[in-house]
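[1] kindly return the folded structure for what I paste below:
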Amino acid sequence: MKHSAVLTLLLFAFTLSGFTQKLGHVNSNRLLSMMPESKSVQKEVEEYVKQLEGQLATMSNEYQSKLAEYQNNQSLWSEPVKESKAEEISSLEKRIQRFQQTAQRSMSQKEEELFEPILEKLQNAIKKVADEQGYDYVFDSGSGAILHSPESDDMTALVKKELGLQ
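    A predicted model of the protein is given here:
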């Protein structure tokens with residue numbers, strides 16, 4: 001909804017300003033899902049996730065086992081043994097949390113790494129078609145982003161200066 005509003009606003013602005021630009025749009029997510037390379041990369045990502053989930057399951061089982069042992073035997077243990085076992089459980093809990101965070105980052109990096117060449121291929125195809133067909137701007141109908149536009153001046157430095165940013 002938000003993306004279509006942005007796209008509509010941009011199209012409206014181009015119409016009002018008198019530009020005679022040729023506008024087009026594609027749904028890059030749909031195209032991406034149709035590319036055979038995406039299917040194999042998705043399968044590779046899923047296998048990587050299964051590997052991480054397997055490790056997490058092993059750690060969780062160990063945690064559950066130690067916790068059950070503690071709950072069942074704490075009345076039999078001396079205070080130093082209870083403290084040691086509680087610290088062991090706490091340490092394992094922290095390792096599991098760190099593993100989850102690291103695994104999430106690792107999965108995202110792996111996915112980006114594997115999809116990068118496919119996204120580049122898609123972007124190159126969009127640019128080639130846009131150039132051949134004379135499109136000045138190509139919008140992504142799935143996200144509202146501009147995927148192709150003519151070369152223009154980068155005003156970032158000027159806007160930063162106006163905002164007083166260094």
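
[2] distance of the most centrally placed residue in the chain relative to residue 122?
    Within the chain, one residue has its C-alpha closest to the average C-alpha position: by Cα atoms, centre = their mean, that is residue 108, at 5.9 Å. Taken as Cβ to Cβ, to the nearest Å, the spacing of residue 108 relative to residue 122 amounts to 19 Å. For every residue, glycine as well, the C-beta is placed using N, CA and C.

[3] low-confidence ranges in the protein?
    Within the chain, the ranges that satisfy pLDDT under 70 run 1-19, 151-156, 158-161, 164-166.

[4] and the longest helix for it?
    The helix of greatest length in the chain, counted in residues with DSSP state H as the criterion, is given as helix 79-133.

[5] from the contact counts, what lies against that helix?
    The contact analysis (3 or more Cβ pairs under 8 Å, 6 or more residues apart in numbering; DSSP states H and E) places helix 79-133 against strand 23-26, helix 28-34, helix 36-73, strand 146-148.

[6] how far does it sit from the chain's center?
    9 Å (Cα atoms, centre = their mean, to the nearest Å).
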